[in-house]
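> Just the structure for this:
(chains A and B)
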Amino acid sequence: MSIISMVLVVVVAFLAGMEGILDQFEIHQPLIACTLIGLVTGHLIPCVILGGTLQMMALGWANIGAAVAPDVALASVASSIILVQSGHFDSAHITLAYGAAIPLAVAGLFLTMIVRTLAVAMVHGADKAAENGDIKTMERIHVTTLMLQGLRIAIPAILLLLIPTSAVQSALNSVPVWLSDGMAIGGGMVVAVGYAMVINMMATREVWPFFAIGFALAAITQLTLIAMGAIGVAIALIYINLSKMGGSNNGSNGGSGDPVGDILNEY
Amino acid sequence: MTEERIALTKKERLSVALRSTILQGSWNYERMQNLGFAYSLMPAIKKLYPQKADRAQALKRHMEFFNTHPYLASPVLGVTLALEEERANGADIDDAAIQGVKIGMMGPLAGVGDPVFWFTVRPILGALGASLAMNGNVVGPILFFIAWNIIRWSFMWYTQEFGYRTGNEITKDLSGGLLKDITKGASILGMFILAVLVERWVNVKFTLDLPAKKLAEGAYINFPKGDVTGAKLQEILGQQADGVSLVKEAPNTLQNNIDMLIPGLMGLLLTFACMWLLKRKVSPIVLIIGLFIIGVGLHVLHVM
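Numbering: from 1, shown residues only, chains lettered A, B, ... in the order given. Alright, predicted model coming up:
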């Protein structure tokens, strides 16, 4: 591979890494990322085929809430590099590259977690800047963190370009299962920290009962968040309307706006 | 009012929308999209709060926890722009009201965005593009890229504008105490949704097995020692169909016992523990790293 191709591959990897977290232009999707790497290395068609195949596998992968899906960015970038490096573009080698993509997608999860944890510390820097109204510094921190996500794919891409494929695969196999599973369990718990901070800010004696209702309803029903939102709005409206009742102004305009209340009153 | 009213122009709103493209840039485990949200709002904050103290207040206000589907943040941004604009013009909108509106909207909206974008539009466009690409046709990826980004961008811009207009109408009517109602309603909705999120998203699952429970006589099928006649077999099959246990002992796990109280209880307790520690000035970073270590540790001990 020529130096120019290598540099362009790293650029594509960088963009895919940022997109893996942004989820906007969808450059990290195999369909796009593999095609771009094919384009810059001069092996467009086999990489398009690889991208299409990987895309089919990754159709349902999505980042939801704090949960991260297997890292499609690393999977697509690294498997196309492996395909191009192998020097053979028949269907057998496309399958091989495809197979390598799956462990890589899981390994990529790790890198994402590391950057997201690093970002915690960096965002604390932004807190300090916010206190001084320092918009410039906050912007710089935001963009730097984004770039770290780009590097999360660009650096493995550089390494892959330098290291023989077999060494990469054996390195992947050496990540112990207890560590990756344990990290995933920890990842399920850390979201509590964020919620705890907001609850600390919003909680008053008046609104705690609504927290209790929400928790119990969520636990005993399969209702979706949209349904929960509707119930939440309804409860808030009922509470506000009820808290106005019995006030001094209620007697004078009792006939307006509350038909059910009027019927009850007439009994 | 003697002062000139500060209003956001279309140019500034467009700038906010463009910035929200990199909303998730600093996604972090502590407050998720908080800096991204503040980053998106910066053009508006610059315009609305020329005084440094006010500006710092506004920036800090939007550094609180925020997380939703990245495209559905647009309507929230729109409403927030309207609220901030009113506040800058002297309306009595406090931090809790703005925070309440953000939290009240983010959960349900994420619930709209995930199924629509991640589980409907992307798989459909992706499958369409991939089926072309698998035959080596370059039109596949191109089609996917263009179609996706037209849908994404028009959605983001129009929902942000929609949120801005709606938010303005809400804040216009200051006379009827409507704003006070919205403040209270927002914090009620916010707390309600937070509880739902804690129940659904904080994952604390134990895998520890407890000694199996001995079932009472009659709760399990009594298999006869000798030959089984047709009638007996019929009886046994009938019992099995009625859900009577096949073995004398029922498996028993710690998680089952906790779930019998209420599912999500451990997540709730963990959240309360975090709240308690945060109030005692324990750094969130320490909490996060600690939770990762606890996760790995308990997994190695086969507790989780």
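> only C-alpha atoms for contact and neighbour calcs from this point on.
Will do.
> where do the helices sit along the stretch 101-250 of chain A?
Secondary structure of the stretch 101-250 of chain A (DSSP state H, counting those that start in this stretch): helices at A:135-162, A:165-173, A:177-202, A:208-220, A:225-244.
> weakest of those helices in terms of mean pLDDT?
Lowest mean pLDDT within the helices of the stretch 101-250 of chain A: helix A:165-173, a mean of 62.
> Nearest to residue B:117, out of the helices of the stretch 101-250 of chain A?
For residue B:117, the closest of the helices of the stretch 101-250 of chain A is helix A:225-244, at 15.2 Å, according to Cα to Cα.
> How about that closest one, which residues are buried there?
By neighbour count with 16 or more other Cα atoms under 10 Å in any protein chain shown, helix A:225-244 contains the buried residues A:225, A:226, A:228, A:229, A:231, A:232, A:233, A:235, A:236, A:237, A:240.
> So what touches it?
Contact with helix A:225-244 is made by A:214, A:218, A:250, B:104, B:107-109, B:111-112, B:181, B:184-186, B:188-189, B:192-193, B:196, as judged by Cα atoms under 8 Å, 6 or more residues apart in numbering or on different chains.
> cool, stretch A:123-141 as well?
A:122, A:142, B:26, B:28, B:35, B:39, B:42, B:52-53, B:55-57, B:59-60, B:63.
> Run the chain-centre distance for it.
Offset of stretch A:123-141 from its chain centre (Cα atoms, centre = their mean, to the nearest Å): 23 Å.
> With stretch B:26-45 instead?
Worked out by Cα atoms, centre = their mean, stretch B:26-45 lies 15 Å from the chain centre.
> Name the SS class of residue B:211, please.
strand (DSSP: H, G, I helix; E, B strand; the rest coil).
> Count the residues that sit near the closest residue to it other than its chain neighbours.
Residue nearest to residue B:211 in three dimensions, not counting chain neighbours: residue B:252, with 6.4 Å by Cα to Cα, 6 or more residues apart in numbering or on different chains. By the criterion of other Cα atoms under 10 Å in any protein chain shown, residue B:252 has 15 neighbours.
> next one: residue A:100
With neighbours defined by other Cα under 10 Å, the count for residue A:100 comes to 22.
> just checking, it touches residue A:79?
Yes - proximity of residue A:100 to residue A:79 meets the contact threshold set by Cα atoms under 8 Å, at 6.3 Å.
> Give the buried residues for stretch B:17-25.
B:17, B:19, B:20, B:21, B:22, B:23, B:24, B:25.
> Give me the contact status of the helix or strand hosting residue B:184 with chain A.
Taking DSSP states H and E as the criterion, residue B:184 maps to helix B:178-201. Yes - counting by Cα under 8 Å from any Cα of the partner chain, chain A is contacted by helix B:178-201 at B:181, B:184-189, B:191-196, B:198-201.
> Just want the angle from that helix to helix A:177-202.
Using axes from the mean of the first three to the mean of the last three Cα atoms, to 10 degrees, the inter-axis angle of helix B:178-201 relative to helix A:177-202 is 160 degrees.
> What average pLDDT does helix B:178-201 get?
For helix B:178-201, the per-residue pLDDT averages 81.
> just checking, what packs against that helix?
helix A:177-202, helix A:208-220, helix A:225-244, helix B:95-113, helix B:139-172, helix B:265-279 (3 or more Cα pairs under 8 Å, 6 or more residues apart in numbering or on different chains; DSSP states H and E).
> same thing but at 6 Å, please
On a contact count with 3 or more Cα pairs under 6 Å, 6 or more residues apart in numbering or on different chains; DSSP states H and E, helix B:178-201 meets helix A:208-220, helix A:225-244, helix B:95-113.
> May I see the buried residues of that helix?
Buried residues in helix B:178-201, counted by 16+ other Cα under 10 Å: B:179-201.
> so who does residue A:151 touch?
Shown in contact with residue A:151 (Cα atoms under 6 Å, 6 or more residues apart in numbering or on different chains): residue A:14.
> 7 Å - rerun?
Residue A:151 makes contact with A:14, A:17, according to Cα atoms under 7 Å, 6 or more residues apart in numbering or on different chains.
> how near is it to chain B?
Distance, residue A:151 to chain B, by Cα to the nearest Cα, to the nearest Å: 13 Å.
> Nearest residue to residue B:295 in space, please, no chain neighbours.
Nearest non-adjacent residue to residue B:295 (Cα to Cα, 6+ apart): residue A:186, at 4.2 Å.
> List the contacts of stretch B:256-273.
By Cα under 7 Å, 6+ apart, the list of residues contacting stretch B:256-273 reads A:192, A:193, A:196, A:219, B:198, B:199, B:202, B:203, B:204.
> Just among the residues you listed, which is most surrounded?
Sorting the contacts of stretch B:256-273 by how many neighbours each has (other Cα under 10 Å) puts residue A:192 first, at 29 neighbours.
> The closest residue to that one other than its chain neighbours: how many residues sit nearby?
Take residue A:192 and drop its neighbours on the chain: the residue closest to it by Cα to Cα, 6+ apart is residue B:271, 5.0 Å away. Residue B:271 has 25 neighbours, counted by other Cα under 10 Å.
> For residue B:271, give its distance to residue A:47.
As judged by Cα to Cα, to the nearest Å, residue B:271 and residue A:47 stand 46 Å apart.
> again with residue B:162
As judged by Cα to Cα, residue B:162 and residue A:47 stand 41 Å apart.
> what about these two, which has more around it?
residue A:47 (34 against 17).
> So which of the contacts of stretch A:123-141 belong to helices?
Within these, membership in helices is found for A:122, A:142, B:35, B:39, B:42, B:52, B:53, B:55, B:56, B:57, B:59, B:60, as judged by DSSP state H.
> OK, contacts around residue A:186?
B:291, B:292, B:294, B:295, B:296.
> quick one: contacts for the first one?
In this structure, residue B:291 makes contact with A:186, A:189, A:190, judged by Cα under 7 Å, 6+ apart.
> Make sure I have this right: it is in a helix.
Yes - counting by three-state DSSP, residue B:291 is located in a helix.
> Give me the pLDDT value at it.
89.
> what do you get for the fourth one?
Residue B:295 is assigned a predicted lDDT (pLDDT) of 89.
> Surely it and residue A:180 touch.
No - the criterion here is Cα atoms under 7 Å, and residue B:295 misses it with residue A:180 at 10.3 Å.
> Which neighbours do the two have in common?
Listed as contacting both residue B:295 and residue A:180 by Cα under 7 Å, 6+ apart is no residue at all.
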